[in-house]
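Take a look and give me a structure for this.
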Amino acid sequence: MLTKPHDRGESVNNPRFAQERILVEDKPSIVDLFSGCGGFGLGAEWAGFETIVAVDKDPDLQSSYSLNFPRARAVVSDVNELDDAFWRKILRGKRPAGVIGGPPCQGFSTIGKRAPDDIRNTLLASFFKQVSIIQPDFFVMENVAGILDPKFSEMLQSSMSSIIDDYRILQPITISAEKFGAPTKRKRVLVIGARNDSAIDLKPSDFVPKQTSLVTIADAISDLPSPSKQSQRGQFDWGEYTCAVEEASTYAQLMRQAPNEHLGWKEAVAKLLNNQTSGNLATEHSPAVVDRFRNTPPGKTESVSRYPRLSSNGQCPTLRAGTGADRGSYQSMRPLHPVEPRVISVREAARLQSFPDWFVFHPTKWHSFRMIGNSVPPLVSKSILSKIKTRIESKQLHHRVLAAE
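Numbering: from 1, shown residues only. Sure thing, here's the model as predicted:
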């Protein structure tokens, strides 16, 4: 059964979907599957697309989606349950330009059991099934590098069987986030394809990053507030930056920019313009833990917790998500701050994943870290989708030239 409405997400059987216009006319549109809080979709917005529908079955991960993307439809549902009737209704018979998504990857991850029969592995085929129904001009699927393990090769190929006749699919592309401007060493795989009749000419070389210098931990978080205990339960907290925006690093200045008018929660944007950002709740540590953290050199791993301590001149290791209540509510490790003897805050994690400061997550640290760890870094998404947007514009220009001759 489809899930019930929760928070700001809505059930797919809500008749309001059929009554309101959801397609935009001035930008190519995107459908975001397994959207989580919207890192992939935010990069698409920055690249010149607009997300019209975002689907995720976890209401906590998607709880702030409508705050950050007021014009998009946030649908709380199992992607497996979506069918042709649903998409005809919500898209009104029209095709979006693209479908993007990162199906849950725990079954493929090198830090998990990597079991071929993990039920979550079937969500890979679910992504491509939805592509076959929606028939967008292109798609981008993101997953962990472990998906290229030889024991999963047959599964990957079979999962794409539903689209193999309709799409030109590039060989999987391995990327690492730090080469796209994000201060994190997050290695992932992209599977990208374009419809045979779309005339979008994509090549693997299109997605080779041109980043020449790496953003460091110090670049990313030095201007952020130290964590505090000021917030009331269930509400967002706000803290002031440690310096004026013009005194911050180039990367921090980018993160402190206000969004376009159709993005962002008005309260968060107003706070940003007043030199404040959310996500600064402190995590309490015992004196013994503080001592252990203090005695852990930057770049090393604390011996008891096994938490890595960040180095100011380096990049962050992959931020992990932990699990939801359906899988034991396990909290994943959080890196240690490079200077202070504590774990990093939600906003510091968001900066390391390249989320801007107006972007809000969840009032609790647990769900916020799940949101961030499950997300595609927006700067990575922007770079990849900007290349595709350029190809679409080239195709449109070519058609206009032909029409004028």
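
Assumed Ile52 was part of a strand.
Yes: looking at Ile52 with DSSP: H, G, I helix; E, B strand; the rest coil, it is inside a strand.

Verify the assumption that Lys94 is located in a helix.
No: under three-state DSSP, Lys94 falls outside any helix and is assigned coil.

what sits against Tyr251?
181, 183, 215, 219-220 (C-beta atoms under 8 Å, 6 or more residues apart in numbering). The way it works is simple: take the backbone N, C-alpha and C, and place the C-beta from them, glycine included.

How much space separates it from Glu240?
Distance of Tyr251 to Glu240, computed by C-beta to C-beta, to the nearest Å: 19 Å.

what do you get for Ala220?
Applying C-beta to C-beta to Ala220 and Glu240 gives a distance of 18 Å.

Looking at these two, which one has more neighbours?
Higher neighbour count among Ala220 and Glu240: Ala220, with 26 against 13, using other C-beta atoms under 10 Å.

Is the more buried one in a helix, a strand, or coil?
Ala220 is classified as helix under three-state DSSP.

For this structure, which segments are assigned as helices?
Using DSSP state H, the helices of the chain run over residues 16-19, 39-46, 65-68, 84-91, 122-134, 153-159, 217-221, 250-255, 266-273, 287-294, 346-352, 365-373, 378-404.

what sits against Gln211?
178-181.

how about JSON lines for those residues, with distance to Leu156, pLDDT and neighbour count added?
JSON lines is the format used below for those (distance: C-beta to C-beta, whole Å; pLDDT from 0 to 100; neighbours: other C-beta atoms under 10 Å):
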{"residue": "Glu178", "distance to Leu156": "25", "pLDDT": "96", "neighbour count": "22"}
{"residue": "Lys179", "distance to Leu156": "24", "pLDDT": "95", "neighbour count": "16"}
{"residue": "Phe180", "distance to Leu156": "23", "pLDDT": "96", "neighbour count": "23"}
{"residue": "Gly181", "distance to Leu156": "28", "pLDDT": "95", "neighbour count": "21"}
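
what's the pLDDT at Leu402?
The per-residue pLDDT reported for Leu402 equals 40.

again but with Lys113, I slipped
Looking at Lys113, the pLDDT reads 51.

go on, the one 5 residues further on?
pLDDT, Asp118: 49.

Ala18 too?
What the model reports as pLDDT for Ala18 is 34.

go on, Lys300?
96.

give me the number of residues near the residue nearest to it when sequence neighbours are not counted?
Once flanking residues are discounted, Lys300 sits nearest to Arg309: 5.8 Å by C-beta to C-beta, 6 or more residues apart in numbering. Counted with other C-beta under 10 Å, the neighbours of Arg309 add up to 21.

again, but for Gly373
18.

Would you mind measuring from it to Ile344?
Taken as C-beta to C-beta, the span from Gly373 to Ile344 is 12 Å.

Who are the contact partners of the closest residue to Pro28 other than its chain neighbours?
Spatially, and ignoring its direct neighbours in sequence, Pro28 is nearest to Ala97 (3.5 Å; C-beta to C-beta, 6+ apart). Going by C-beta under 8 Å, 6+ apart, Ala97 touches 28-30, 49, 136-138, 392.

Try it again at 10 Å.
For Ala97, the contacting residues are 27-31, 44, 49-50, 52, 136-138, 198, 200, 388-389, 392, by C-beta atoms under 10 Å, 6 or more residues apart in numbering.

just Arg233 next, same as before
Neighbours of Arg233 in contact, by C-beta under 10 Å, 6+ apart: 363-364.

ok, now how distant is it from Thr277?
20 Å.

any idea how far Asp83 is from the closest residue to His337 other than its chain neighbours?
Nearest residue to His337 in three dimensions, chain neighbours excluded: Ile344, at 5.5 Å (C-beta to C-beta, 6+ apart). Distance, Ile344 to Asp83, by C-beta to C-beta: 42 Å.

Repeat that for Ser354.
Following C-beta to C-beta, the distance that separates Ser354 from Asp83 is 35 Å.

more neighbours, these two?
Ser354 (29 against 12).

what stretches of the protein score poorly on pLDDT?
For the chain, applying pLDDT under 70 flags the ranges 1-25, 105-121, 230-231, 321-331, 395-405.
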